[in-house]
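Enquirer: One predicted model, sequence on top.
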Amino acid sequence: MTTRIIRVHGRRIWDSRGRPTLEVEVTTAGGAVGRAAAPAGASTGSGEAVDLRDGGAAFGGRDVRRALCGIEEEIAPALVGRDAADQEAVDGLLVALDGTADRSRLGANALVATSMAVARAAAAATGLPLWRRLAGGGGELRLPLPEIQVFGGGAHAGGRLDIQDVMAIAIGAPDYPTALDWTAEIHRRAGEAMAERGRLCGVADEGGWWPAFDTNEQALEALVRAIEAAGRVPGEEVAIALDVAASEFGRGGRYRLRREGREMDGDGLCTLLLDWLRRYPIVSIEDPLAEDDAATFAAFTRAAGPRVQVVADDLAVSSAGRVREAAARGAGNTVLLKPNQAGTLSETAAALEAARRLGWNAIVSARSGETEDATIVHLAVGWRVPQLKVGAMMRGERTAKWNEGLRIAEALPAGAALPSPSCFPWGRS
Ligand code: PGA
Ligand code: ZN
């Protein structure tokens, strides 16, 4: 059997925040090699599978030498001899081997790098790109619509903006390369305008500008102006998406907007966001309320209406069970899928399946700490997920993903075509 695993090798590498992370290489009997690396979040949900980190003084306690040992001493011996082509069996084995509910013994970082490397090895062994192997038969494949950060805030930019991601979605772009072109120009114009006013502090973790705004709303105004400066029509060609990441500044029903020096309850935050929805071309809002405030999250989802994409990240943490819970409460209508929140690819796929059954949309997403690994682009295409959230093409770990999409486009029958507008809440009549 050419897909039989003969070697699992762990490696300690670096992520985009300058912290150690894990890479795994899986070799099959046929000589195929699959490689993948673990990303890392900063604004993590409390229900996520957790990484195994060393603690201690070095790298703020975030070294991964213990997790690396787990790969060499436990994961490798358990996987050698197994079939890389049977992803569910491999992932089931990884989960059982870890033995904890939160994947903390071997670490979600060790698990996700291994799980993705196995998928890549199986694809390589059969001579197929991963996206094609994941797609199997069935309907047409498209590239995902990019969701790209223009301004970064929250936990990714020293708290200069309470809202974590202020993003652009090129909803009117005719194809994937054009969506990237439009957004890159908007990003450039936004940076230029900030620099002219002496308000540019640098680049945030996901490649958006790290700005010095006085209020959160100024970021929305600046993005609308940048869309116009780039020659695009706000709301028609390019719309705004936000990741409020409210769990970062809200707890127990109280929300503190540090930038603006004010505090409010969940209803107050809803009122603020609904007002923005009325006055700005916003089509998508992620984590509008904190993960411990599901009732208000649901109230916001109802009030925002069916045409607004309300994305559950911290609330659903790429877990099928949590997606079902959130949907039962009416909290959100779209799930953000980050494989390392779940721990394995099979669990991530189960969250997608649960979302689809409930009529939810999905977005595949990178983390704020990334590497040049581009597996998530293959997941988005192969799993037919119509959106991808990665950050700006301003940093190498982000360009690795957007550029992979350009390569995949050359092999797709539909070329660089994007999903039809009817795939998205804002495109449905
Ligand atoms: P994280 O940010 O990777 O720091 O969690 C991304 C997000 O919140 O969507
Ligand atoms: Zn988020």
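Expert: Alright, I've got the coordinates. Ligands and ions are numbered 1, 2, ... in the order given.
Enquirer: C-alpha only now, for contacts and for neighbours.
Expert: OK.
Enquirer: in the helix or strand residue 91 falls within, what's buried?
Expert: Per DSSP states H and E: residue 91 is located in helix 87-98. Residues of helix 87-98 classed as buried: 87, 90-91, 93-95, 98 (neighbour count, 16 or more other CA atoms under 10 Å).
Enquirer: With stretch 43-61 instead?
Expert: 43-45, 47-54.
Enquirer: pLDDT, secondary structure and distance to ligand 1 for these - can I get that in CSV?
Expert: Converted to CSV, the buried residues of stretch 43-61 look like this (pLDDT from 0 to 100; DSSP: H, G, I helix; E, B strand; the rest coil; distance: CA to the nearest ligand atom, whole Å):
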residue, pLDDT, secondary structure, distance to ligand 1
43, 92, coil, 4
44, 95, coil, 5
45, 95, coil, 7
47, 97, coil, 12
48, 98, coil, 10
49, 98, coil, 12
50, 98, coil, 12
51, 98, coil, 13
52, 98, coil, 16
53, 98, coil, 16
54, 98, coil, 20
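Enquirer: Helices of the protein, start to end?
Expert: Along the chain, counting by DSSP state H, helices occupy 65-70, 76-79, 87-98, 108-125, 130-135, 176-196, 216-229, 266-279, 294-304, 320-329, 339-342, 345-357, 375-382, 396-409.
Enquirer: can you tell which of those helices is closest to ligand 1?
Expert: Ligand 1 sits nearest to helix 339-342 of all these, at 9.0 Å, using CA to the nearest ligand atom.
Enquirer: on that earlier part again, highest mean neighbour count out of the helices of the chain?
Expert: Stretch with highest mean neighbour count among those: helix 339-342 (a mean of 31; mean count of other CA atoms under 10 Å).
Enquirer: quick one: average confidence on it?
Expert: The average pLDDT within helix 339-342 is 98.
Enquirer: And stretch 3-11, by the same measure?
Expert: Rounded mean pLDDT across stretch 3-11 is 98.
Enquirer: before we move on, the earlier item: the helix holding residue 91 vs helix 345-357, what angle?
Expert: Interaxial angle of helix 87-98 relative to helix 345-357 (axes from the mean of the first three to the mean of the last three CA atoms, to 10 degrees): 120 degrees.
Enquirer: between helix 87-98 and helix 108-125, how many degrees?
Expert: 150 degrees.
Enquirer: outside of helix 87-98, which residues touch it?
Expert: In this structure, residues lying in contact with helix 87-98 by CA atoms under 8 Å, 6 or more residues apart in numbering are 75, 78-79, 82-84, 103-107, 111, 115, 118-119, 344-346.
Enquirer: do stretch 52-69 as well
Expert: Contacts of stretch 52-69 (CA under 8 Å, 6+ apart): 10-12, 19-22, 104-110.
Enquirer: Quickly list the domain ranges of the chain.
Expert: Residue ranges for the domains of the chain, per automatic domain parsing: 5-127, 145-427.
Enquirer: can I get the CA coordinates of stretch 46-64 in CSV?
Expert: Listed in CSV are the C-alpha atoms of stretch 46-64, where the atom choice follows Å, rounded to 0.1, in the frame of the first residue of the first chain:
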residue,chain,number,x,y,z
SER,A,46,-12.1,29.6,25.6
GLY,A,47,-13.6,26.4,24.0
GLU,A,48,-10.7,25.9,21.6
ALA,A,49,-8.4,22.9,21.6
VAL,A,50,-5.3,24.2,23.4
ASP,A,51,-1.7,24.1,22.3
LEU,A,52,0.9,22.4,24.4
ARG,A,53,3.5,25.1,25.3
ASP,A,54,6.5,24.7,27.6
GLY,A,55,6.0,27.5,30.1
GLY,A,56,9.0,29.1,31.8
ALA,A,57,10.8,32.2,30.8
ALA,A,58,11.9,31.5,27.2
PHE,A,59,9.7,33.0,24.5
GLY,A,60,7.1,34.0,27.1
GLY,A,61,6.6,30.4,28.0
ARG,A,62,5.5,29.6,24.4
ASP,A,63,8.2,27.2,23.3
VAL,A,64,7.1,23.9,21.9
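Enquirer: Return the distance of it from the chain's centre.
Expert: Averaging C-alpha positions (CA atoms, centre = their mean, to the nearest Å) puts stretch 46-64 20 Å from its chain's average.
Enquirer: and what of stretch 18-26?
Expert: On CA atoms, centre = their mean, the centre of stretch 18-26 falls 18 Å from that of its chain.
Enquirer: And it, what's buried?
Expert: Applying 16+ other CA under 10 Å to stretch 18-26 flags 19-26 as buried.
Enquirer: any chance of these in a markdown table, with distance to ligand 1 and pLDDT too?
Expert: As requested, these are exported to a markdown table (distance: CA to the nearest ligand atom, whole Å; pLDDT from 0 to 100):
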| residue | distance to ligand 1 | pLDDT |
| --- | --- | --- |
| 19 | 14 | 98 |
| 20 | 15 | 98 |
| 21 | 14 | 98 |
| 22 | 16 | 98 |
| 23 | 18 | 98 |
| 24 | 20 | 99 |
| 25 | 23 | 98 |
| 26 | 25 | 99 |
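Enquirer: Mark which of those are part of strands, please.
Expert: Among the buried residues of stretch 18-26, the members falling in strands (DSSP state E) are 20-26.
Enquirer: Isn't residue 179 up against residue 168?
Expert: No: judged on CA atoms under 8 Å, residue 179 makes no contact with residue 168 at a distance of 9.6 Å.
Enquirer: residues in the stretch 101-250 of the chain within reach of ligand 1, list them.
Expert: residue 245 (CA under 6 Å from any ligand atom).
Enquirer: Taking the stretch 101-250 of the chain, what residue is nearest to ligand 1?
Expert: For the stretch 101-250 of the chain, CA to the nearest ligand atom, closest residue to ligand 1: residue 245, 6.0 Å.
Enquirer: Kindly provide the distance from that residue to residue 155.
Expert: Counting by CA to CA, to the nearest Å, the gap from residue 245 to residue 155 is 9 Å.
Enquirer: which residues are common contacts for these two?
Expert: Common contacts of residue 245 and residue 155 (CA under 8 Å, 6+ apart): 43, 164.
Enquirer: Who has more neighbours out of these two?
Expert: Using other CA atoms under 10 Å, the more surrounded residue of residue 245 and residue 155 is residue 245, with 28 against 22.
Enquirer: need the contact list for that one.
Expert: Per CA under 8 Å, 6+ apart, neighbours of residue 245: 43, 154, 163-164, 286-290, 314.
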